[in-house]
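[1] need a structure here:
(one chain, ligands or ions: 2)
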Amino acid sequence: MTCFSSLCIKKTASRPKHAPEVDDEVSGISNISMYTYKELQMATASFSADNKVGEGGFGSVYKGVLKDGRLAALKVLSAESRQGLREFLTEIKVIASVEHDNLVKLYGCCAEGKHRILVYGYLEKNSLAQTLLGDGHSGIQFSWFTRRKICIGIAQGLAFLHEEVKPHIVHRDIKASNILLDNNLTPKISDFGLAKLLPPNLTHISTRVAGTAGYLAPEYAIRGQLTRKADIYSFGVLLLEIVSGRPNTNRRLPLNEQYLLERVWECHEHGKLETMVDASLNGDYDVEEACRYFKIGLLCTQDVPKLRPSMSVVVKMLKHETNVNDKISRPGLLSEFMGLKNERDEKPKRDKNQEDKPMLKNSFYTESSGSGKVDDSSSSFRLVTSHATMTFNSIYDRSN
Ligand SMILES: Nc1ncnc2c1ncn2[C@@H]1O[C@H](COP(=O)(O)OP(=O)(O)O)[C@@H](O)[C@H]1O
Ligand SMILES: [Mg+2]
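    Ligands and ions are numbered 1, 2, ... in the order given. Next comes the predicted model:
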């Protein structure tokens, strides 16, 4: 990681025009390029629909060719997520200073007038959501070897954000659509739009919950407690998705099979974890290792955050450099809190030691009706509580 103060800003051909105070902010940015809006218009044929590659919670993403010939993904922040210039540039400084082989590279940004655009390196092979968990038309074969490499790569990228970047960064939105793949199928964690620096003396922030339903750690969704352990929970869910080839939620399945984490836990309890491994591997994988990965996923999603291993330990476990603790207790299942299982008319089964956990008596959620898709690994919902000290909205989200 590079220190902010030692960096110098790269100028593109023509500098955007800013007010003097903005120029002060801009000159504090380093190591990235500031693009003019016109330049980015040219790169994307005026942000044409043909060049649009996706849409997320923060706005649209376009594919573009920069003047130097590099392919880029341009994230045009929507009006709602558009921050003031100062906040935007503060975030940019953070993103630009963090570089790792398993993190998507930020080339630069545009902050001209009302425009807020992030310019990232373009990743041809798209996201795990669209390939591994998508409709099967990506043409990519995810062998066990590749999946192993992807799991380890994501874990390394996250361990870097959590443990090497100072002050550490909690990503807040680890999910399959934020894992992009390069031509060698090396995974790159994307979307630091939500990432904020945690001051070293603060262990959690409880004002606003971001993240996608199926990946949300219960303590984060319910109490707004944001620590690195919330990312580790999301990573655990992602790990289960990669090994099983299944999205975390699948409404096409019978009700008792819809939630992947719950299914994996049940299979673990019955000693038949191997039945959850992706059938499309046609048995061509190391059974012992695949079950080991499921157990690591279960450890990462333990209900009690303290029981979840740190990401550097997870990396070691994935690489067989340390043992995987066989004492795994019940994972934290948000669905039990959220009433997601009302249809089943089933009382949540809670461990005795978890009885003192506050339940959200005055909360409700509504599922988004926008996507219309049955398979939904990132179900949209909105959670509002009327607890005096807690009012937070989960943002979201997307349908692909
Ligand atoms: N750097 C990139 N290279 C290639 N495609 C990208 C890149 N960044 C984002 N995308 C595509 O744009 C889509 C929308 O991205 P985003 O706005 O971050 O929303 P989300 O992560 O919720 O899908 C992604 O799902 C992915 O398909
Ligand atoms: Mg994203």
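[2] Ligand 2 contacts on the stretch 51-200 of the chain?
    In this structure, the stretch 51-200 of the chain approaches ligand 2 at residues Gly56, Asn178, Asp191, judged by CB under 5 Å from the ion. Just so you know, the C-beta spots here come from the backbone N, C-alpha and C atoms, and that holds for glycine as well.
[3] Just those: which are in strands?
    In strands, defined here by DSSP state E, the members of these are Gly56.
[4] Let me know the closest of the residues of the stretch 51-200 of the chain next to ligand 2 to ligand 2.
    For ligand 2, the nearest member of these is Asp191. The distance, counting by CB to the ion, is 3.5 Å.
[5] which non-adjacent residue is nearest the closest one?
    Excluding the flanking residues, the one nearest Asp191 by CB to CB, 6 or more residues apart in numbering is Asn178, at 4.6 Å.
[6] thinking that neighbour is in contact with Asn126, fair?
    No: Asn178 sits out of contact with Asn126 when judged by CB atoms under 8 Å, with a separation of 11.8 Å.
[7] Between these two, point out the one with more neighbours.
    Looking at Asn178 and Asn126 with other CB atoms under 10 Å, you find the greater number of neighbours at Asn178, namely 25 against 17.
[8] list the contacts for Ser127?
    With contacts taken as CB atoms under 8 Å, 6 or more residues apart in numbering, Ser127 has the following neighbours: Ala176, Ser177, Asn178, Ile179, Leu180, Leu181, Ser190.
[9] ok, now with 6 Å
    Taking CB atoms under 6 Å, 6 or more residues apart in numbering as the criterion, Ser127 is in contact with Ser177, Ile179, Leu180.
[10] Over to Gly297?
    Under the criterion of CB under 6 Å, 6+ apart, the neighbours of Gly297 are Gly236, Leu239, Leu240.
[11] Which helix or strand lies directly C-terminal to the host helix or strand of it?
    Gly297 is part of helix 287-300, with elements assigned from DSSP states H and E. With elements assigned by DSSP H and E, the helix or strand that comes after helix 287-300 is helix 311-318.
[12] before we move on, the earlier item: type out the PyMOL command that picks the buried ones from the contacts of Ser127.
    Here is the PyMOL command that selects the buried residues among the contacts of Ser127 (16 or more other CB atoms under 10 Å):
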select buried, resi 177+179+180
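[13] nearest to ligand 1, of the contacts of Ser127?
    Proximity of those to ligand 1, judged by CB to the nearest ligand atom, is greatest for Ser177, which lies at 3.5 Å.
[14] Three-state assignment for the residue lying closest to the closest one once chain neighbours are set aside, please.
    In space, Ser177 comes closest to Ala129 once its chain neighbours are excluded; the distance is 3.8 Å by CB to CB, 6+ apart. Secondary structure state of Ala129, per DSSP: H, G, I helix; E, B strand; the rest coil, is coil.
[15] Surely Ala129 is in contact with Ala176?
    Yes: in terms of CB atoms under 6 Å, Ala129 counts as a neighbour of Ala176; the distance is 3.9 Å.
[16] Neighbour count for those two, which is higher?
    With neighbours defined as other CB under 10 Å, Ala129 and Ala176 compare such that Ala176 has more, 24 against 21.
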